[in-house]
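*Asks:* Just to be clear, the model below is a prediction. Sequence and coordinates:
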Amino acid sequence: MKPNSTVTELILILLLITPFIYLGIIWNQLPAEIAIHYDLLGKPDDWLRKEMAALLMGGISVLLYLLLRFLPAIDPKRQLQSSNFQKIRIVITLTMAVITCWLWYMAGHQTNQKMLVSLLLALISLMLAGIGNYLTTIKPNWFIGIRTPWTLGNEIVWRKTHQMGGRLMVAGGLLSAVMVIVVPMPYTAGVVVGIMMITLLIPVVYSYIYFRQEKTRQLN
């Protein structure tokens, strides 16, 4: 996949507009107000008129697309033009498209509200795993990756941290997705968030330890 290829952008734009094609199809089936926030038990606790909800979701989707599209142009290191970064863009955009479609579906159908929270947690977990899969070879930059003073200050530390951290994110994301299935409500969110926090914290600590080890080797 070539960086910023026409095919890549067409795929991303298609993913971007798919939820709104679906929204147009089911628009008349939606209630006047749509739940936009749920508690940990899956009960809605905040609503918006469907017109405002559509504008909100549309604005978030377009902003996210533009942000990821133009990050390489403003990155001081100019190293985000890689095929793996484009794949990360697809993973994030695909996840957001599925989440948005699911929210519209839930708004128009009488279904178990707990399914909403469970599926959202599962999708976010799988997105974490997907990002981790492509993070292992991403080059040093100021926007994407495990950006600590020690990874940004040493390319060897960056590479080693992302090789370990990417694999850990894949394992943590997949484990979180499984926990969504086996852990009962209302503990699901706590367990999943806990796994994600550990998954993201370990590479930060590792980057510091490896930086100190690398500095010691250079002095010797």
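*Replies:* Right, received. Where do you want to start?
*Asks:* Thr8 - nearest residue in space that isn't next to it in sequence?
*Replies:* Gln86 (5.1 Å; Cβ to Cβ, 6 or more residues apart in numbering). From N, CA and C alone the C-beta is placed, and that goes for glycine too.
*Asks:* and the strand or helix carrying the one you found, what does it pack onto?
*Replies:* Assigning secondary structure by DSSP states H and E places Gln86 in helix 83-108. With contacts defined as 3 or more Cβ pairs under 8 Å, 6 or more residues apart in numbering; DSSP states H and E, helix 83-108 has these neighbours: helix 6-26, strand 33-38, helix 50-74, helix 113-135.
*Asks:* coming back round to it: pretty sure the residue nearest to Thr8 is touching Val7, no?
*Replies:* No: judged on Cβ atoms under 8 Å, Gln86 makes no contact with Val7 at a distance of 9.9 Å.
*Asks:* And Pro76, its phi and psi?
*Replies:* phi -60, psi -30 (degrees, to the nearest 10).
*Asks:* Could you report the neighbour count for it?
*Replies:* 8 (other Cβ atoms under 10 Å).
*Asks:* How about Pro44?
*Replies:* By other Cβ under 10 Å, 16 other residues sit near Pro44.
*Asks:* same question, the one 3 residues further on
*Replies:* Trp47 is surrounded by 16 other residues when neighbours are defined as other Cβ under 10 Å.
*Asks:* Over to the one 3 residues further on?
*Replies:* Look at Lys50: counted by other Cβ under 10 Å, it has 18 neighbours.
*Asks:* mind listing what it touches?
*Replies:* Contacts here follow Cβ atoms under 8 Å, 6 or more residues apart in numbering; on that basis Lys50 touches 27, 30-34, 107.
*Asks:* May I see the ChimeraX selection of the buried members of the residues you listed?
*Replies:* Here is the ChimeraX selection string for the buried members of the contacts of Lys50, based on 16 or more other Cβ atoms under 10 Å:
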select :30,34,107
